[in-house]
Structures are given as C-alpha cells and as structure tokens.
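In: Any chance you could fold what I've pasted below:
(2 chains)
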Amino acid sequence: MILLTDDILDPQQAVDAVMTNADGAYVLFVGVVRNHSRGRSVTGLEYQAYRPMAIRQIERIVESVKEKWNLRCSILHRLGHIIVGEASVVICVAGAHRAECFDACEWAIDTLKEEVPIWKKEFATDGTFWIEGEDAIVAQ
Amino acid sequence: MNIQTLFFGHYRDFAPESLTLEVPPGTSVAEVAGRFAEKDSRFADLIKRTRVAVNGEFASPDCMLSEGDEVAFLPPMSGG
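Out: Residues are numbered from 1 along each chain as shown, chains lettered A, B, ... in the order given. Presented below is the predicted three-dimensional model:
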C-alpha cells in the first residue's frame, strides 16, 4: 500500500496492509515531527511533493523490497502542514523473520529520503526555512 | 516547440509551479536552466543544485527535449 495524503497518518493502516498469518514479525517505522532542528525551535513542517513522480518512486521502493528481500512493504507519507508530534512518514515491512524486516525497513526509509521528490519547509521560532538536503534556505 | 517546467522547494518562492516555454527543437535541459539563470540570478545555481527529471523520470542535464516534455528541477530532497 502506498499513500500520499494531507490527512493524519494511521500507522496501523500500514501494518494491516502487509501482515499475513505467515508473518512472524513486522517492523514499523514512524517518522515524527520534532520540536527542534539544527539548533532551532520548530513549531511545524509543510511538505511539498512532485506527486506523480513521488508515487512512482515510492512504488519502486516497495517493488525493490519485494525483489531484494521478498518482503511486503507499505509506505505512507504526509503532505501539507504538520504540527509537532504528528507522523510525517510510516513504513511497515512484514516477513517471517525480524532481521530481514529491520534491514529492508531501514533501506526503505534511507532510499525514500534520497530518491522521492518531497521537500519540507520548516516553521521555526526564528523564521521559515526550506530544507534542501543539508541546506536550510530562508523562505520568502 | 513547447515544453513545461516545474520548480520545487525554495525555487517555488519566486518561480511559478508550472510554466510553458517555447524553445527551439534540440534544446537540452541544461540550456533551459541557462535561460532561467540569464533572466534571474537566483537561478544561477539551478543546474548545479538540482537533479533533473523529464516526464517524471530522473534524466541527465544533457537530455534533449521533445515537444510537450515536462522538465522538473528537483533540489536536494527532504522527505521522511
């Protein structure tokens, strides 16, 4: 299952989408908006996507998890404005054994950050910044 | 021929999300970026800082464009 949505994410939805009775484990990663970043006090984020490409790139991650590990994977990503404490991304990988689920889940989130065209704008107490890789650029 | 450009991240603060441009046949992505850089110095680093996608697939800056292509300039990503 793949979802890009402006609505609050439900991690259980990602679990239910991949778990079967043959699975002995699932690894669930939930990325959450924290109240600090690079020494700044953060109040919220706004995510922007190149939506059709983002969906295709996320589909490729799910397909790769299937090909490399033969595991099922679901990925949900929030778009729009998100406040501190809310989930921005949810990844669930289910399989017979935990080790491969941990590996695949870590690979999936690392790859998502590199290959999926989504960007965040950070709302901090001292301004608003586009986060582009290592750069924080003052938003106009 | 006409192509469409898409901008994201901080470029969206001063570029429209989507723009239709008329360019000569055989124009490359890098040449399109050069056009923006000529008009506005805030685009000077465009080709250096962004990855390029043509019609939703990663492409090289040397990629030659065809009529109707959609060119997206993708700054370093920050999803997750």
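
In: interface residues of chain A facing chain B?
Out: Within reach of chain B by CB under 8 Å from any CB of the partner chain, chain A has these residues: A:31, A:47-50, A:52-54, A:56, A:77, A:88-89, A:109, A:112-120, A:130-135, A:137, A:139-140. Quick note: C-beta positions are derived from backbone N, CA and C, even for glycine.

In: Pull out the buried members of those.
Out: A:31, A:47-50, A:53-54, A:77, A:88-89, A:109, A:112-113, A:115-120, A:130-132, A:137, A:139 (16 or more other CB atoms under 10 Å in any protein chain shown).

In: Tell me which other helices or strands the helix or strand where residue B:72 lies touches.
Out: Using DSSP states H and E, the element containing residue B:72 is strand B:70-74. On a contact count with 3 or more CB pairs under 8 Å, 6 or more residues apart in numbering or on different chains; DSSP states H and E, strand B:70-74 meets strand B:2-7, helix B:29-39, strand B:51-54.

In: strand partners of the following helix or strand past the last one, parallel vs antiparallel please.
Out: By that I understand strand B:51-54. Going down the chain from strand B:51-54, the next helix or strand is strand B:57-59, by DSSP H and E. Partners of strand B:57-59 in the sheet, by DSSP bridges, are strand B:51-54 (antiparallel).

In: per-residue confidence averaged over the partner strand?
Out: The predicted model gives strand B:51-54 an average pLDDT of 98.

In: Not counting its own residues, what contacts that strand?
Out: Under the criterion CB atoms under 8 Å, 6 or more residues apart in numbering or on different chains, residues A:50, A:53, A:117, B:29, B:58-61, B:63, B:65, B:69-74 lie in contact with strand B:51-54.

In: hmm, back to that, residue A:100: which of the helices and strands packed on strand B:70-74 is closest?
Out: Ranking the helices and strands packed on strand B:70-74 by proximity to residue A:100 (CB to CB) places strand B:51-54 first, at 30.3 Å.

In: what distance separates that closest one from the middle of the whole chain?
Out: Distance of strand B:51-54 from the chain centroid (CA atoms, centre = their mean, to the nearest Å) equals 7 Å.

In: swap in stretch A:94-105?
Out: For stretch A:94-105, the distance to the chain centre is 17 Å (CA atoms, centre = their mean).

In: Perfect, I'm done here.
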